[in-house]
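Asks: curious how this folds, go ahead:
(one chain, ligands or ions: 1)
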Amino acid sequence: MQFQTLAEYFDRLEATSSRLELIRILSTLFHEVHSADEVEEICYLVQGRIAPFFAPIEIGMAEKTIADALSHAFAIDREEVLIEFDRLGDMGLAAQKIAKGKHKETSSVSVKEVFDILTEIANTSGNGTVEKKITLFSDLLKKLDSVSIKHVVRIPLSNLRLGIGDPTIMDALAAVKLGDKKLRSYLEGAYNRTSDLGLIARTLWEAKNPVAGVDAIEKLSVQVGKPIRSELCERLPDAKKVIEKMGEVDAQYKYDGFRVQIHKKGNDIWIFSRNLENMTHMFPELIEAAKQDIDAKSVILDGEALAYNAVSEEFLPFQETTKRRRKHNIAEVAEKLPLRAFIFDILYKDGKQLLDTPLQERQKMLKETIIKDDTLLLAENNLIDDAQKLQNMLDDAITKGLEGVVIKKMNSKYEAGARNFNWVKLKRHNAGELKDTIDCVLLGYVSGKGKRTAFGAGALLVGVYDKKEDVFVTVSKIGTGLTDEEWTSIRERSKGLERDHKPARVISLIQPSVWLEPKIVIEVLADEITRSPIHTAGAVLEENKVVESGYALRFPRLVSFRDNDKSPEDATTVKELIDMYQEQGKKS
Ligand code: ATP
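Replies: Numbers count the residues shown, from 1 in each chain. Here you go, the predicted structure:
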């Protein structure tokens, strides 16, 4: 396929406000793709990448170097490029404007050529790297038409603006290769195990027919180096309910740090975060421990990293631990605030996937695998079948400064990507009215009057995630209670995410002054969840009219920014919100 054809599809995807239309356009695009190599590349490009999102491959060109490349390619001043960029607020539009007229309107560069050049730029290193990257990129720009230029320029800047979620891509893959988008569920299991859409698409394209495709997809197994989607916790109100529902359980402390999935193959180590980003370089001490303290050639472990004083047995608060999520001065900070990782699961060992192995067996294997309980510490297991004992353990956890307990169903499988009653969390605040926080996604600004207008916002329109439909639905407006620093921080974080039309994956009855591409996750505490005719979370709509009310937050307030460790699809789901609403209803 020519890159120009792909770029024209990107234009159509960018312009639509409807998710169904996104699936239709993607399906037409995939119908045109005949080779497994090409579909893999296109899947990554649609995500604005040249590799799966978890691979630490960056093109490594920021706005100024892109401006240099445009200046070389079109013989204009770099300053002129930057002025245009400032005026239009988007380098893609600036580049298109500069190229228009100066350039032929058709180009014949293939998707593969563009993909290969971008990969070559990403792999360029050593002396004169910046100049080499600029030359490679400007040579590419010279060969492209202006629509292709608009999109290709956005890729290094991670700002492709297509706003397509992975489930939407899977809908289109299923429609084209399995005959119906409803068959997406066949792809989801493989996605939960490998997180790699390019690999899934390649597997489908390599199969001779839909039946062989499903078969090959089901055989796609866990791979060291590719993150597995984390198993997550459901909520129950108290210890009594837990024992009633789950019987005998394995209760573990709930460590309050950040989730780490540690992969090891020989001396190669990868560490992935809660949202499956590659964070390996941030944790030198965990890398060392994974090399030395594990009795296995290859392994995947699941755990929680936090700052812990082994002598006084003190867990440091999350605010301390979080100082380790940084890009600079890593060695120095690691020295001052060394991390431990409490390992609570093993998902793969020496060639064998363990997701279907019962929990107790996995725990046994885990104990045999961690040979030195020092930096990698084994999470304690407590087999409990009595509500009072579970309550005692929760009290003990809270006294120790921990967040609560995680209770696991005896002998359950590891269900990658699932949030169900195999794992349940009990926190200090759970008993009582609504005290668990809700992770919301910013969807827009509503302009305000007075002091706030200086920041261009009076309230934030926020939403939650509808996992089934892969859309974001509104749940609240948040205005009061935000400090000036928080407003400033929100403005900074949302730079480049402003849109003049509703993003295709947002369903809203409220029209904000400015839409935001769903990206920024904030943790919100509210007094209560209420029914609301104006919010779309959980609402039933017919032709944009509310047939059944949605759900909303009463007295919402910002607790923290979570965009470091959560992607928008990790926000609270509509299902969780409704469960929390029903739980709270029982109390009052
Ligand atoms: P979630 O990660 O479920 O979306 P969250 O970020 O609010 O939500 P919680 O639901 O409060 O986190 O807790 C789940 C998290 O607890 C896990 O993702 C994991 O990082 C952490 N955790 C700590 N200790 C354990 C444990 N022993 N077993 C499983 N998870 C644990």
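Asks: end to end, how far does stretch 175-186 reach?
Replies: Its start and end residues considered, stretch 175-186 measures 12 Å (C-alpha to C-alpha, to the nearest Å).
Asks: that should have said stretch 231-248, apologies.
Replies: 20 Å.
Asks: check whether that stretch contacts the ligand.
Replies: Yes - using C-beta under 6 Å from any ligand atom, stretch 231-248 reaches the ligand at L232, C233. Using the backbone N, CA and C atoms, a C-beta is placed for each residue, glycine as well.
Asks: list the buried residues in that stretch.
Replies: Judged by neighbour count using 16 or more other C-beta atoms under 10 Å, the buried positions of stretch 231-248 are E231, L232, C233, E234, R235, L236, D238, A239, K241, V242, I243, M246.
Asks: could you list the residues in contact with it?
Replies: 249, 302, 345, 383-388, 390-391, 394, 406-407, 409-410, 414-426, 430-431, 436, 576, 579-580, 583, 586-587 (C-beta atoms under 8 Å, 6 or more residues apart in numbering).
Asks: who does S476 form a beta bridge with?
Replies: Judged by DSSP bridges, the bridge partners of S476 are V462.
Asks: to clarify, my last question referred to E528.
Replies: Legend: beta-bridge partners of E528 under DSSP bridges are R554.
Asks: report the distance from stretch 19-35 to the chain centre.
Replies: What separates the centre of stretch 19-35 from the centre of its chain is 23 Å, taken as C-alpha atoms, centre = their mean, to the nearest Å.
Asks: mind exporting the C-alpha coordinates of it to CSV?
Replies: Output of stretch 19-35 as CSV, limited to C-alpha atoms (Å, rounded to 0.1, in the frame of the first residue of the first chain):
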residue,chain,number,x,y,z
ARG,A,19,-17.0,5.2,16.8
LEU,A,20,-19.0,3.1,14.4
GLU,A,21,-17.6,5.1,11.6
LEU,A,22,-14.1,4.5,13.0
ILE,A,23,-14.7,0.8,12.8
ARG,A,24,-16.1,1.1,9.2
ILE,A,25,-13.2,3.2,8.0
LEU,A,26,-10.6,0.8,9.6
SER,A,27,-12.4,-2.2,8.2
THR,A,28,-12.2,-0.7,4.7
LEU,A,29,-8.5,0.0,5.3
PHE,A,30,-7.8,-3.6,6.5
HIS,A,31,-9.7,-5.0,3.4
GLU,A,32,-7.1,-3.3,1.3
VAL,A,33,-4.2,-5.0,3.1
HIS,A,34,-2.9,-8.3,1.7
SER,A,35,0.3,-9.0,3.5
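Asks: hmm, back to that, out of the contacts of stretch 231-248, which touch the ligand?
Replies: The residues of the contacts of stretch 231-248 that also fall near the ligand, by C-beta under 6 Å from any ligand atom, are V406, K425.
Asks: what's the ChimeraX line that selects buried ones from the contacts of stretch 231-248?
Replies: Only the buried entries of those go into this ChimeraX selection, using 16+ other C-beta under 10 Å:
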select :249,302,345,384,390,391,394,406,407,409,414,415,416,417,418,419,421,422,423,424,425,426,430,431,436,576,579,580,583
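Asks: which regions of this protein sit below the pLDDT cut-off?
Replies: The model of the chain has pLDDT under 70 over residues 310-312, 429-435, 448-457, 585-588.
Asks: and the helices in the stretch 301-450 of the chain, which stretches?
Replies: Applying DSSP state H, counting those that start in this stretch to the stretch 301-450 of the chain gives helices spanning 318-321, 330-336, 359-369, 387-399.
Asks: nearest to I50, of these?
Replies: Taking C-beta to C-beta, helix 330-336 is the member of those nearest to I50, at 25.5 Å.
Asks: how about the residues of the chain by the ligand?
Replies: Contact residues, the chain versus the ligand (C-beta under 6 Å from any ligand atom): 230, 232-233, 252-255, 259, 274, 304, 344, 379, 406, 425, 570.
Asks: domain parsing for this structure?
Replies: Following automatic domain parsing, the chain resolves into domains at 3-154, 166-218, 232-427, 438-583.
Asks: measure the closest residue to Q96 other than its chain neighbours to K240 for me?
Replies: Closest residue to Q96 apart from its sequence neighbours, by C-beta to C-beta, 6 or more residues apart in numbering: K150 at 3.8 Å. Going from K150 to K240 by C-beta to C-beta, to the nearest Å gives 59 Å.
Asks: surely the residue nearest to Q96 is in a strand?
Replies: No - under DSSP: H, G, I helix; E, B strand; the rest coil, K150 falls outside any strand and is assigned helix.
Asks: OK, contacts around the residue nearest to S508 when sequence neighbours are not counted?
Replies: Using C-beta to C-beta, 6+ apart and skipping residues adjacent in sequence, the residue nearest S508 is T474, 4.8 Å away. For T474, the contacting residues are L443, L461, V462, G463, I507, S508, L509, I510, H535, T536, A537, G550, by C-beta under 8 Å, 6+ apart.
Asks: neighbour-wise, which of these leads?
Replies: Using other C-beta atoms under 10 Å as the neighbour test, the contacts of T474 are led by V462, with 30 neighbours.
Asks: next one: it from I438, what distance?
Replies: Counting by C-beta to C-beta - V462 and I438 are separated by 9 Å.
Asks: hang on, the earlier thing: among the contacts of T474, which are in strands?
Replies: Counting by DSSP state E, those place L443, L461, V462, G463, I507, G550 in strands.
Asks: list the contacts of the fifth one.
Replies: Right, the one you point to is I507. Listed by C-beta under 8 Å, 6+ apart, the contact set of I507 reads D466, V471, F472, V473, T474, T536, L541.
Asks: with the fourth one instead?
Replies: Contacts were defined as C-beta under 8 Å, 6+ apart; by that measure G463 touches 440-441, 443, 472-475, 506, 508, 518, 536-537, 571.
Asks: repeat that for 6 Å
Replies: Counting by C-beta atoms under 6 Å, 6 or more residues apart in numbering, G463 touches V441, L443, F472, V473, T474, V475.
Asks: picking up where we left off before, show the buried residues in the residues of the chain next to the ligand.
Replies: Buried among those (16+ other C-beta under 10 Å): 230, 232-233, 252-255, 259, 274, 304, 344, 379, 406, 425, 570.
Asks: now the helix or strand V242 falls within - C-alpha only, PDB.
Replies: If you go by DSSP states H and E, V242 is part of helix 239-246. Below are the C-alpha coordinates for helix 239-246, written out as PDB (Å, rounded to 0.1, in the frame of the first residue of the first chain):
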ATOM      1  CA  ALA A 239     -14.800  -9.200  55.700                       C
ATOM      2  CA  LYS A 240     -18.100 -11.000  56.300                       C
ATOM      3  CA  LYS A 241     -19.200 -10.500  52.700                       C
ATOM      4  CA  VAL A 242     -15.900 -11.800  51.500                       C
ATOM      5  CA  ILE A 243     -16.000 -15.000  53.400                       C
ATOM      6  CA  GLU A 244     -19.700 -15.500  52.500                       C
ATOM      7  CA  LYS A 245     -19.000 -15.100  48.800                       C
ATOM      8  CA  MET A 246     -15.600 -16.700  48.500                       C
END
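Asks: please state the offset of the next helix or strand after that helix from the chain centre?
Replies: Using DSSP H and E, the helix or strand that follows helix 239-246 towards the C-terminus is strand 249-254. Strand 249-254 sits 26 Å away from the centroid of its parent chain (C-alpha atoms, centre = their mean).
Asks: what's strand 249-254 in contact with?
Replies: Contacts of strand 249-254 (C-beta under 6 Å, 6+ apart): 344, 379, 381-384, 390, 393, 397, 402-408.
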